[in-house]
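**Student:** Predicted model and sequence follow; I will ask about them next.
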Amino acid sequence: MEDQIGALGLVLNALVLFNTRYMDAAVQQLREDGFDVRDEGVARLSPFARHHVNMLGRYSFQLPDLPGGLRPLRAPDTTDDA
(Lines give C-alpha, C1' and ligand atoms only; values in the text may rest on other atoms or scores of the structure.)
Protein backbone atom coordinates (compact mmCIF):
# COMPACT_ATOMS: atom_id res chain seq x y z
CA MET A 1 0.00 0.00 0.00
CA GLU A 2 2.89 2.37 0.70
CA ASP A 3 4.18 1.82 -2.85
CA GLN A 4 0.79 2.77 -4.26
CA ILE A 5 0.68 5.93 -2.17
CA GLY A 6 4.20 6.83 -3.29
CA ALA A 7 3.29 6.27 -6.94
CA LEU A 8 0.14 8.36 -6.55
CA GLY A 9 2.19 11.18 -5.04
CA LEU A 10 4.58 11.03 -7.98
CA VAL A 11 1.69 11.15 -10.47
CA LEU A 12 0.11 14.07 -8.62
CA ASN A 13 3.38 16.03 -8.61
CA ALA A 14 3.93 15.37 -12.33
CA LEU A 15 0.35 16.42 -13.10
CA VAL A 16 0.66 19.67 -11.14
CA LEU A 17 3.97 20.49 -12.86
CA PHE A 18 2.53 19.73 -16.33
CA ASN A 19 -0.60 21.80 -15.71
CA THR A 20 1.35 24.70 -14.21
CA ARG A 21 3.72 24.93 -17.17
CA TYR A 22 0.91 24.83 -19.73
CA MET A 23 -1.32 27.26 -17.84
CA ASP A 24 1.59 29.69 -17.65
CA ALA A 25 2.20 29.29 -21.39
CA ALA A 26 -1.51 29.84 -22.11
CA VAL A 27 -1.67 32.98 -19.95
CA GLN A 28 1.45 34.38 -21.62
CA GLN A 29 0.00 33.65 -25.07
CA LEU A 30 -3.29 35.35 -24.19
CA ARG A 31 -1.46 38.42 -22.94
CA GLU A 32 0.69 38.52 -26.09
CA ASP A 33 -2.49 38.33 -28.18
CA GLY A 34 -3.84 41.40 -26.40
CA PHE A 35 -6.38 39.82 -24.05
CA ASP A 36 -6.90 41.46 -20.68
CA VAL A 37 -5.68 38.72 -18.34
CA ARG A 38 -5.74 40.08 -14.82
CA ASP A 39 -3.44 38.84 -12.07
CA GLU A 40 -6.47 38.36 -9.79
CA GLY A 41 -7.92 35.88 -12.27
CA VAL A 42 -4.63 34.07 -12.72
CA ALA A 43 -4.34 33.71 -8.94
CA ARG A 44 -7.60 31.71 -8.95
CA LEU A 45 -6.35 29.13 -11.44
CA SER A 46 -5.76 25.67 -10.03
CA PRO A 47 -3.19 23.19 -11.36
CA PHE A 48 -5.25 20.26 -10.04
CA ALA A 49 -7.33 19.79 -13.22
CA ARG A 50 -7.22 16.16 -14.17
CA HIS A 51 -9.91 15.46 -16.78
CA HIS A 52 -7.32 15.47 -19.57
CA VAL A 53 -5.29 12.69 -17.94
CA ASN A 54 -5.85 9.03 -18.81
CA MET A 55 -4.71 6.94 -15.84
CA LEU A 56 -5.24 3.67 -17.71
CA GLY A 57 -3.50 2.46 -20.83
CA ARG A 58 -0.07 2.30 -22.37
CA TYR A 59 2.41 5.11 -22.14
CA SER A 60 5.53 6.07 -24.02
CA PHE A 61 8.25 7.76 -22.02
CA GLN A 62 10.32 8.75 -25.04
CA LEU A 63 10.52 12.51 -25.12
CA PRO A 64 9.42 14.04 -28.43
CA ASP A 65 11.45 16.85 -29.97
CA LEU A 66 9.32 19.84 -29.02
CA PRO A 67 10.41 23.41 -29.76
CA GLY A 68 10.63 25.26 -26.48
CA GLY A 69 9.87 22.07 -24.58
CA LEU A 70 6.08 22.43 -24.85
CA ARG A 71 3.51 21.25 -27.35
CA PRO A 72 1.84 24.06 -29.31
CA LEU A 73 -1.27 25.51 -27.71
CA ARG A 74 -4.58 25.01 -29.48
CA ALA A 75 -6.65 27.89 -30.77
CA PRO A 76 -9.70 28.50 -28.54
CA ASP A 77 -12.14 27.88 -31.40
CA THR A 78 -10.85 24.38 -32.22
CA THR A 79 -12.47 21.21 -30.94
CA ASP A 80 -10.89 18.06 -29.51
CA ASP A 81 -11.90 16.22 -32.70
CA ALA A 82 -9.46 18.19 -34.85
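**Tutor:** It's in. Residues are numbered from 1 along each chain as shown.
**Student:** Near the residue nearest to Leu70 when sequence neighbours are not counted, how many other residues are there?
**Tutor:** Among residues not flanking Leu70 along the chain, Ala25 sits closest, at 5.6 Å (CB to CB, 6 or more residues apart in numbering). C-betas here are computed from N, CA, C, even on glycine. Residues lying near Ala25 (other CB atoms under 10 Å) number 16.
**Student:** gap between Ala25 and Gly68?
**Tutor:** Separation of Ala25 from Gly68 (CB to CB, to the nearest Å): 9 Å.
**Student:** ok, back up a step: if you count neighbours, what's buried in the helix or strand hosting the residue nearest to Leu70?
**Tutor:** For Ala25, the element it lies in under DSSP states H and E is helix 2-32. Using 16 or more other CB atoms under 10 Å as the test for burial, helix 2-32 gives Leu15, Asn19, Tyr22, Ala25, Val27.
**Student:** List of residues touching the helix or strand following it?
**Tutor:** Following helix 2-32 in sequence order, the next helix or strand is helix 39-43 (DSSP H and E). Here helix 39-43 makes contact (CB atoms under 8 Å, 6 or more residues apart in numbering) with Val27.
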